[in-house]
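[1] Got a predicted structure plus its sequence, pasted below:
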Amino acid sequence: MHSRRFLITGTGARVGKTTVGCALGFAMRARGMRVAVMKPIDTSESQDAQSLALAVGSVMPMELVCPYRGSSTPDLAHIARCFGEIAGQSDVVLVESANMIDFADLAAMLGLEVIVVVGNRPGCIDATTLALRRCASRGLKVAGGILCDCDPTTEIDEASLQELSGVLYLGRMRHREPLARTIVEKLIPY
């Protein structure tokens with residue numbers, strides 16, 4: 001089996017990136033893979049990096065998993081070194097995007113396939129299209145998109161998302177609930 005490296009980004013804030021990362025990481029670890037996680041930059045009050053590490057049973061130091069907490073300006077070379085150390089010990093690495101670095105720049109720098117978490121909210125089709133255009137402009141491979149029902153008042157038709165955005169549709173999830181097995185299998189087949 002060859003190693004896989006993914007960047008999990010979203011169409012906005014609070015659309016389920018960490019939930020997707022935790023669920024994917026847990027499912028992959030349950031299959032016997034050595035799974036590592038990274039959130040290069042996080043706010044000092046966020047628990048995202050810790051949640052990701054816990055989901056995969058990481059024993060990596062938090063300084064590698066999340067080298068920048070708070071408002072310090074990130075050094076991309078340092079992030080790349082941390083990622084290299086993590087990736088060298090893993091079959092799969094899941095990196096959650098951060099607001100202080102453009103997700104496409106981060107994916108290009110680290111050689112990551114992109115998973116787009118599409119928040120089921122007004123404007124999500126346009127946000128998905130913009131994210132995919134950003135990927136195309138950098139020549140990034142897009143592993144697919146996951147529709148996350150994070151706004152109970154919005155109902156986007158799955159077929160419309162596929163047709164309008166052109167994203168490989170991986171499946172649908174409810175916010176803060178486990179991923180369907182079919183989503184995991186599309187990314188890492190048995």
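    Sure, I can see it.

[2] Which stretches in the protein count as strands?
    4-10, 35-38, 41-42, 68-69, 92-96, 113-119, 142-149, 169-174 (DSSP state E).

[3] Packed most tightly, which of those would that be?
    strand 35-38 (a mean of 28; mean count of other C-beta atoms under 10 Å). All C-beta atoms are positioned from the backbone trio N, CA, C, and that covers glycine.

[4] What lies in contact with that one?
    The list of residues contacting strand 35-38 from outside it, by C-beta atoms under 8 Å, 6 or more residues apart in numbering, reads 21, 25, 28-29, 49, 52-53, 55-56, 58, 60, 64-66, 82-83, 86-87, 89-96.

[5] Just the buried ones from these, in PyMOL syntax?
    Here is the PyMOL selection string for the buried members of the contacts of strand 35-38, based on 16 or more other C-beta atoms under 10 Å:
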select buried, resi 21+25+28+29+49+52+53+55+56+58+60+64+65+66+82+83+86+87+90+91+92+93+94+95+96
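
[6] So which of the contacts of strand 35-38 sit within helices?
    21, 25, 28-29, 49, 52-53, 55-56, 64-65, 82-83, 86-87 (DSSP state H).

[7] Residue 118: which of the residues you listed is nearest?
    Lowest distance from residue 118 to the ones in helices among the contacts of strand 35-38 (C-beta to C-beta) belongs to residue 21, with 15.1 Å.

[8] Just the pLDDT at that closest one, thanks.
    At residue 21, the pLDDT value in this model is 94.

[9] Residue 73 too?
    Note on residue 73: pLDDT of 84.

[10] With the one 5 residues further on instead?
    Taken from the predicted model, the pLDDT recorded for residue 78 is 96.

[11] Output the lowest mean pLDDT helix or strand found in this structure.
    Every helix and strand of the chain was ranked by mean pLDDT, DSSP states H and E. The lowest is helix 158-165, at a mean of 67.
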